[in-house]
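Engineer: need coordinates for the following:
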Amino acid sequence: MGTKVSVIIPSYNYGQYLDPTLNSVLEQTTSDWECLVVDDGSTDHTAAIVAEWSRRDPRFRYLHQNNQGQATARNLGLQHARGEYIQFFDSDDLLQPDKLRIQSAWLDAHPETDIVYGRVRYFETGKETQLFIDRWGERMTEWMPMLSGKGEPMIRAFADKNILEMGCALFRREAVDLAGGFDKSMTGIEDYDFCFRAAAKGLSFTFLDADSTAVLMRHHPNSYSKNRIKVYRVELELRRKMDEVLTKNGYRQAKEINDERYGWRMRRLQDLLIDRTIKQQGKRPDNKELGWMYKHSSLKQNLYFFPRILKAMVAR
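Structural biologist: Here you go, the predicted structure:
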């Protein structure tokens, strides 16, 4: 018998959060799911926790790999998934109880939709009932544009920014396969890369605002996205990849948006490196890092960055 939804959860040393995460899957108002926990080489008690859940309910399955990162773990989960629809989900987050039932019913009834997604809310450990909307800016300001469509409008939207959190969405398996899985070189923003490629392949997105279908994401200091220097650098690499796609396919407006965002992100990265050096937080940029900045910056950006970073290095 087929399975309606495969929930894929990569986990690396997040055993302390797994029980509530898996319980939020168990409490879904549909029972037609499987849950694959992909242990990304954890050294904590992740394996024992999943073994207990699997003993109690065989819909929970355990997969293991040597530590290779979240992108590779998700791809391994996809290799073993049997579901018609795919729910990607992080091991420290929670699903509201109607998410799988309502979103899978929407895909059943709307074959023209490849990806349906809903809202995201954030919480801090120990404050699970105190939800907020934006974890980086004003906490009660909605950051998601909540767009539906396909083709050039969605490509322009993703050229501007990633418009959704991965856990918000439910994907047709065919859509995931067409997008091509996750790129491990895009560590930290592999979700963004994946969704842009889905849009570039012409897949259809639908925003469905339904009660009790949000993903609840844990906001805590160990989040990878707290390391802005690493994330910004990978995003610049992604935007160069995006530029190739946009140029090749003649998406002029999307290319202009991407160019503007590239310049803005590069300036933010430069400012972070200068600030880090001034504050003596970590070692100064090495020659390899400075060479990367020179190669991937415009003349104007280099004229801004190098006098300032050299001054900061001398001041140290």
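Engineer: the helices in the stretch 51-200 of the chain, which residues?
Structural biologist: Under the criterion DSSP state H, counting those that start in this stretch, the stretch 51-200 of the chain contains helices at 70-80, 99-109, 152-160, 173-179, 190-200.
Engineer: quick check: closest non-adjacent residue to Ala175.
Structural biologist: What sits nearest to Ala175 in space, not counting adjacent residues and going by CB to CB, 6 or more residues apart in numbering, is Asp114, at 4.0 Å. Backbone N, C-alpha and C define where each C-beta goes, glycine included.
Engineer: my guess is the one you found meets Arg173, correct?
Structural biologist: No - Asp114 lies out of contact with Arg173 (CB atoms under 8 Å); the separation is 10.3 Å.
Engineer: okay, those two: which has more neighbours?
Structural biologist: Asp114 (22 against 16; other CB atoms under 10 Å).
Engineer: ok, now which ones touch the more buried one?
Structural biologist: Lys150, Phe171, Arg172, Glu174, Ala175, Ala198, Leu203, Ser204, Phe205 (CB atoms under 8 Å, 6 or more residues apart in numbering).
Engineer: where's it relative to Gly202, distance?
Structural biologist: Using CB to CB, to the nearest Å, Asp114 is found at 9 Å from Gly202.
Engineer: out of the helices and strands in this protein, which is least certain?
Structural biologist: When the helices and strands of the chain are compared on mean pLDDT, DSSP states H and E, strand 127-132 comes out lowest with a mean of 88.
Engineer: only alpha carbons, please: show it as CSV.
Structural biologist: This file holds the C-alpha atoms of strand 127-132, laid out as CSV (Å, rounded to 0.1, in the frame of the first residue of the first chain):
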residue,chain,number,x,y,z
LYS,A,127,8.3,29.6,25.6
GLU,A,128,6.5,27.3,23.1
THR,A,129,3.1,29.1,23.5
GLN,A,130,4.6,32.6,22.9
LEU,A,131,4.7,32.7,19.1
PHE,A,132,6.2,35.5,17.0
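Engineer: who are the packing partners of that strand?
Structural biologist: Helices and strands touching strand 127-132, by 3 or more CB pairs under 8 Å, 6 or more residues apart in numbering; DSSP states H and E, are strand 120-124.
Engineer: just want the angle from the strand it packs on to strand 127-132.
Structural biologist: Strand 120-124 and strand 127-132 are oriented at 130 degrees to each other (axes from the mean of the first three to the mean of the last three CA atoms, to 10 degrees).
Engineer: list the buried residues for strand 120-124?
Structural biologist: Within strand 120-124, the residues that count as buried by 16 or more other CB atoms under 10 Å are Val120, Arg121, Tyr122, Phe123.
Engineer: ok, now stretch 264-282?
Structural biologist: Using 16+ other CB under 10 Å as the burial criterion, the residues of stretch 264-282 that qualify are Arg265, Met266, Leu269, Gln270, Leu273, Ile274, Arg276, Thr277.
Engineer: can you tell me which of the residues you listed end up in strands?
Structural biologist: Counting by DSSP state E, no part of the buried residues of stretch 264-282 is found in strands.
Engineer: Asn162 and Leu147, how far apart?
Structural biologist: For Asn162, the distance to Leu147 - CB to CB - is 12 Å.
Engineer: overlap in contacts, the two.
Structural biologist: By CB under 8 Å, 6+ apart, no residue touches both Asn162 and Leu147.
Engineer: returning to that earlier point: filter the contacts of Asp114 to the buried ones?
Structural biologist: Lys150, Phe171, Arg172, Ala175, Ala198, Leu203, Ser204, Phe205.
Engineer: Ile278 contacts Ala315, correct?
Structural biologist: Yes - proximity of Ile278 to Ala315 meets the contact threshold set by CB under 8 Å, at 7.1 Å.
Engineer: let me know the pLDDT of Asp90.
Structural biologist: pLDDT recorded at Asp90 is 95.
Engineer: so what's the residue nearest to it when sequence neighbours are not counted up against?
Structural biologist: With sequence-adjacent residues excluded and distances taken as CB to CB, 6+ apart, Asp90 is closest to Gly167, at 6.4 Å. By CB under 8 Å, 6+ apart, the contact list for Gly167 reads Gln87, Phe88, Phe89, Asp90, Asp93, Leu95, Val120, Val215, Met217.
Engineer: I'd like these written out as a markdown table, with distance to Trp53 added.
Structural biologist: Shown next, in a markdown table, are the contacts of Gly167 (distance: CB to CB, whole Å):
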| residue | distance to Trp53 |
| --- | --- |
| Gln87 | 17 |
| Phe88 | 19 |
| Phe89 | 14 |
| Asp90 | 17 |
| Asp93 | 16 |
| Leu95 | 15 |
| Val120 | 25 |
| Val215 | 20 |
| Met217 | 21 |
